[in-house]
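In: Got a sequence here, can you model it:
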Amino acid sequence: MVKSMTDDVIQFMSQYSLESVLSGIIEMQMLIYGHDDTFIPATEYLAANALYACKENATKNFMWHDYEVLEQFAKNACAPNVEQLFSETLKMVNASDEDKQKFLQSKMMQMKGNFYRGDGYIHQLVDVARRLYAPLDTSMKDVLGFSYTSYEKTIKFIFSQYGMRIAEAYKDKYKFKTMIKALVCKSEPWLPSIKSGYIFRVYKSELESIIGDEVYKMCDYLCVKAYDKDFKKTEYEDFKILISKPFVDFGDYIYMPLLFSTLMNIPKQFHYTFIAEKVFDKQTVGVYTGNRGDVVEDLTASYLKRLLDKGKIHCSLSYLDEDGEADVTTITSEGMLFCECKSKIITLNSIKGLHESIKTDVCQAIGAAYSQAVRSIERVQEGKKFVTNSGDEIEIENSLLKYIVCVTAENFGIIPSEIHEYIEIDKTVGIPYVVNIYDLDIITQECESYEELIQYIEFRKKNYDILSILDELDAFGYFKKNGNITISIDADELVLTDFTSEFDAKYKVNDKKVFQEFFKG
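Out: Got it, this is the predicted structure:
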């Protein structure tokens with residue numbers, strides 16, 4: 001049997017204590033974040049295997065050289081996936097066009113699950129999570145023993161403490177006296193976070209001073225136990241337990257090994273608690289599911305208000321004498337937007353690349369939104385009335401310029417730019433503009449007018465058959481640079497990358513200053 005890279009990782013880690021390896025993984029994220037974002041899923045992979053491989057008592061000390069080996073494992077973590085992708089692609093040479101398309105869609109979703117944008121939408125993600133869960137604080141505390149607000153305070157406290165502690169550790173590392181000692185001594189240098197006394201320990205007593213005795217129930221629910229015998233070897237594409245349970249419990253103290261993954265997952269942290277675990281009553285679950293849709297709808301309307309008078313934006317227009325409603329509709333001669341908002345979460349099977357699951361997720365999110373918007377447009381064309389929230393009946397003028405915008409709570413990767421390959425497109429209405437709520441926030445901040453937003457949607461619509469993008473801001477950056485043009489190239493497809501640089505300074509959270517500002521106190 002051929003030995004896998006995971007076997008090598010486990011053999012290496014098994015020499016060291018769990019605390020030492022977790023310290024190295026945390027330190028790695030803080031040192032490399034913003035320079036290579038493939039380290040984010042790589043550290044998920046390493047941390048999961050550290051739980052399995054590392055013991056309480058180590059045979060070796062974890063030194064700086066060992067950290068460098070760990071970092072190399074992180075760099076190599078994606079390589080087998082790339083090699084496997086090429087190998088599987090070669091096998092598809094003689095496959096049917098339909099099978100090739102399924103293969104491509106599966107692999108693109110897997111890639112979406114393995115790579116992250118540099119900023120991770122940190123600010124927007126926390127804001128969305130707060131809107132989703134904070135209204136249910138009382139119910140969560142009654143059932144789980146802790147509230148969402150206490151969880152958010154804990155995450156912020158740990159993040160801020162880790163930042164301050166690592167800064168202090170590295171300040172000592174580069175003191176002149178320390179450097180001279182390192183030069184004259186033959187002893188191998190320690191990892192600063194370990195030398196300074198395992199600085200990533202967060203004692204439960206510290207957290208108790210912030211959120212009270214809720215910390216103990218929170219640890220019961222969101223911790224894995226260090227040295228648990230049930231941990232298993234984890235391959236790169238497998239589910240990682242620390243995504244759902246972000247803390248490691250060592251008794252008096254905890255670790256939070258995955259800094260950025262934990263933050264990126266915060267809007268989904270308690271989703272399956274409400275939906276699948278059956279610990280809340282039906283009424284509470286109903287409040288939660290309704291709130292999910294409302295949050296995306298409310299944010300969509302608030303972002304559009306930056307560019308258009310609020311009197312021209314209508315939310316939840318219900319159909320007169322018929323079931324159904326239009327989520328967010330803009331009524332203006334410059335171009336009407338029929339925005340349908342969906343909070344569907346991408347399932348684990350889809351992230352793994354299972355094609356049937358991908359089809360289901362896209363259908364339930366984007367497909368359902370598109371169908372509803374088409375239905376609303378048909379009502380406008382037929383002169384049928386809508387009912388506003390205040391109970392007034394209105395008839396919307398049948399303007400020539402009508403656009404469908406499908407707003408999702410999830411980043412669907414490349415799918416929005418190739419949506420015609422996933423759902424059936426109405427020949428009269430045409431292709432929808434599909435955007436996640438976080439990118440819509442940035443785009444509406446960067447558009448100078450509502451007219452420019454319409455031009456961008458028009459740009460996406462008329463170039464849909466040639467544009468292929470993983471990051472929505474690449475397309476928007478291209479538009480800002482070149483305007484509302486019809487792209488003409490001697491190729492079947494234009495893949496856009498590296499057009500987000502003009503937005504990096506504003507929205508990509510790559511520097512310590514922004515994190516310190518956000519997580520201070």
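
In: can you confirm V224 is in a strand?
Out: Yes. Assessed with DSSP: H, G, I helix; E, B strand; the rest coil, V224 lies in a strand.

In: do you know how far it is from M256?
Out: Look at V224 and M256: by Cβ to Cβ, to the nearest Å, they are 12 Å apart. For glycine as for every other residue, the C-beta is placed from the backbone atoms N, C-alpha and C.

In: who's more crowded, the two?
Out: When V224 and M256 are compared for neighbours, M256 comes out ahead with 23 against 19, by other Cβ atoms under 10 Å.

In: shaky segments in the stretch 251-400 of the chain?
Out: Residues of the stretch 251-400 of the chain meeting the criterion pLDDT under 70: none.

In: circling back to that earlier point, what touches both of V224 and M256?
Out: Residues touching both V224 and M256 (Cβ atoms under 8 Å, 6 or more residues apart in numbering) are 247-248.

In: pLDDT below threshold where in this structure?
Out: Looking at the chain by pLDDT under 70, you get 1-3, 34-38, 78-95, 97-105, 107-120, 172-188, 490-521.

In: what are the ranges of the strands in it?
Out: Ranges of strands in the chain, per DSSP state E, are 202-203, 223-225, 247-249, 253-255, 313-319, 325-330, 336-342, 386-387, 393-394, 402-408, 433-436, 467-469, 494-496.

In: any chance of these in a markdown table, with distance to G477 too?
Out: Shown next, in a markdown table, are these (distance: least, Cβ to Cβ, whole Å):
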| stretch | distance to G477 |
| --- | --- |
| strand 202-203 | 39 |
| strand 223-225 | 40 |
| strand 247-249 | 38 |
| strand 253-255 | 38 |
| strand 313-319 | 26 |
| strand 325-330 | 24 |
| strand 336-342 | 22 |
| strand 386-387 | 36 |
| strand 393-394 | 38 |
| strand 402-408 | 19 |
| strand 433-436 | 14 |
| strand 467-469 | 10 |
| strand 494-496 | 8 |
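
In: N61 is nearest to which of those?
Out: strand 253-255 (18.5 Å; Cβ to Cβ).

In: So what touches that closest one?
Out: Strand 253-255 is contacted from outside by 19, 22, 26, 200-204, 219, 223, 247-248, using Cβ under 8 Å, 6+ apart.

In: rerun that using 10 Å as the cut-off
Out: The contact list for strand 253-255 (Cβ atoms under 10 Å, 6 or more residues apart in numbering) reads 18-19, 22-23, 25-26, 47, 154, 158, 162, 198, 200-207, 215, 218-219, 222-224, 226, 242, 246-249.

In: do stretch 448-459 as well
Out: 303-304, 306-309, 312, 330, 332, 334-337, 401, 403-405, 432-433, 435, 440, 443-444, 446-447, 467, 475-476, 478-480, 482-487.

In: Among these, name the buried ones.
Out: 303-304, 307-308, 312, 330, 332, 334-337, 403-405, 432-433, 435, 440, 443-444, 446-447, 467, 475-476, 478-480 (16 or more other Cβ atoms under 10 Å).

In: picking up where we left off before, who wins for proximity to M264 among the strands of the chain?
Out: strand 433-436 (12.9 Å).

In: Show me what that closest one packs onto, helices and strands only.
Out: strand 336-342, strand 402-408, helix 437-446, helix 450-462, helix 472-482 (3 or more Cβ pairs under 10 Å, 6 or more residues apart in numbering; DSSP states H and E).

In: Distance to A276 added to the ones you listed, as a markdown table?
Out: Shown next, in a markdown table, are the helices and strands packed on strand 433-436 (distance: least, Cβ to Cβ, whole Å):
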| stretch | distance to A276 |
| --- | --- |
| strand 336-342 | 19 |
| strand 402-408 | 21 |
| helix 437-446 | 23 |
| helix 450-462 | 35 |
| helix 472-482 | 30 |
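
In: Of all the ones you listed, which one comes closest to D8?
Out: Closest approach to D8 among those (Cβ to Cβ): helix 472-482, 35.6 Å.

In: Tell me the backbone dihedrals of the closest residue to E237 other than its chain neighbours, please.
Out: Among residues not flanking E237 along the chain, K352 sits closest, at 6.4 Å (Cβ to Cβ, 6 or more residues apart in numbering). Taking degrees, to the nearest 10, you get phi -70, psi -10 for the backbone angles of K352.

In: Quick check: K352 vs Y236, distance?
Out: Taking Cβ to Cβ, one finds K352 at 11 Å from Y236.

In: Settle it for me: which of the two has more neighbours?
Out: Per other Cβ under 10 Å, whichever of K352 and Y236 has more neighbours is Y236, with 22 against 16.

In: Look up the closest residue to the more buried one, ignoring the ones flanking it.
Out: Y45 (5.1 Å).

In: Do I have it right that the one you found meets L51?
Out: No. In this structure, Y45 is not within contact of L51 by Cβ atoms under 10 Å, at 11.5 Å.

In: Please enumerate the shared neighbours of the two.
Out: Residues touching both Y45 and L51 (Cβ under 10 Å, 6+ apart): 234, 240.

In: still on that earlier bit, residues in contact with the residue nearest to Y236?
Out: 5-6, 9, 73-74, 77-78, 114, 234-238, 240.

In: Got a PyMOL select line for the buried ones in these?
Out: Here is the PyMOL command that selects only those of those that count as buried (16+ other Cβ under 10 Å):
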select buried, resi 6+9+73+74+77+78+114+234+236+237+240
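
In: Of the contacts of Y45, which belong to helices?
Out: The helices, defined by DSSP state H, take in 5-6, 9, 73-74, 114 from the contacts of Y45.

In: Out of the residues you listed, name the two that are farthest from one another.
Out: In these, two members sit farther apart than any others by Cβ to Cβ. They are V9 and N114, at 16.6 Å.

In: hang on, the earlier thing: and the contacts of Y45, which is closest to T284?
Out: Checking the contacts of Y45 against T284 by Cβ to Cβ gives K240 as the nearest, at 28.6 Å.

In: Now do the buried residues in stretch 399-418.
Out: 402-418.

In: Who does F247 form a beta bridge with?
Out: Beta-bridge partners recorded for F247 (DSSP bridges): C223.

In: can you list the contacts of Y45 in CSV and add distance to L320?
Out: What follows is the contacts of Y45, written out as CSV (distance: Cβ to Cβ, whole Å):
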residue, distance to L320
M5, 62
T6, 60
V9, 62
F73, 62
A74, 58
A77, 56
C78, 54
N114, 47
T234, 54
E235, 55
Y236, 53
E237, 50
D238, 51
K240, 49
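
In: Contact partners for I377?
Out: By Cβ under 10 Å, 6+ apart, the neighbours of I377 are 326, 329, 336, 338, 396, 398, 402-404, 426, 428-429.

In: Cool, thanks, talk later.
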